[in-house]
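> Mind looking at a prediction? Sequence and model below.
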Amino acid sequence: MPKPKSPEREWQQQLIDDYYDYRWKQILEPLYQEFLRWKSGELAHADMDQAIHKTHKQTQELYGLFGEKRDWLARVIQMDEDWFEVWLKDHPAPESLPLIPRAVRA
């Protein structure tokens, strides 16, 4: 029988899941826009090749980031001050979970 998840672990998982989605959209949305431009004839195949190559490098970096340990990753995500502060408003951390102080994140 699986043991119940703690509020701290559930909060961390939601943080990681939401940030994962945010970062993938940051990478893939520009590529999607380039595909639209290519489809309409605004970009040549060579331009698309470059866009795909750039995106591939970014996805490799992102894959490496999200392969890290949960606790470390949760702390790194907090360092993305603009994203984290907005996210935190709708997802308050459990009182038992220490966050990186805002002064350190800024």
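Structure received. Quick caveat: nothing in here was measured; it's all calculated off a predicted structure.

> What ranges does this structure have for its helices?
For the chain, the helices defined by DSSP state H cover 7-39, 45-65, 70-78, 81-90, 102-105.

> and the last one, C-alpha only, in PDB?
It refers to helix 102-105. Taking C-alpha atoms only, helix 102-105 is exported to PDB below (Å, rounded to 0.1, in the frame of the first residue of the first chain):
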ATOM      1  CA  ARG A 102      12.900  36.700  -1.200                       C
ATOM      2  CA  ALA A 103      16.000  38.800  -0.700                       C
ATOM      3  CA  VAL A 104      18.200  35.900  -1.700                       C
ATOM      4  CA  ARG A 105      16.000  35.100  -4.700                       C
END
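
> Residues touching it, excluding its own?
Helix 102-105 has contacts (Cβ atoms under 8 Å, 6 or more residues apart in numbering) with 78-79, 81, 84-85. Any C-beta I mention is one placed from the backbone N, CA and C, and that applies to glycine too.

> Among these, find me the one that's closest to residue 14.
residue 84 (12.6 Å; Cβ to Cβ).

> Domain parsing of the chain, as residue ranges.
The chain breaks down by automatic domain parsing into domains covering 28-67, 69-106.

> Could I get the buried residue list for the first one?
When neighbours are counted by 16 or more other Cβ atoms under 10 Å, the buried residues of domain 28-67 are found to be 31, 34, 43, 48, 51, 55, 58.
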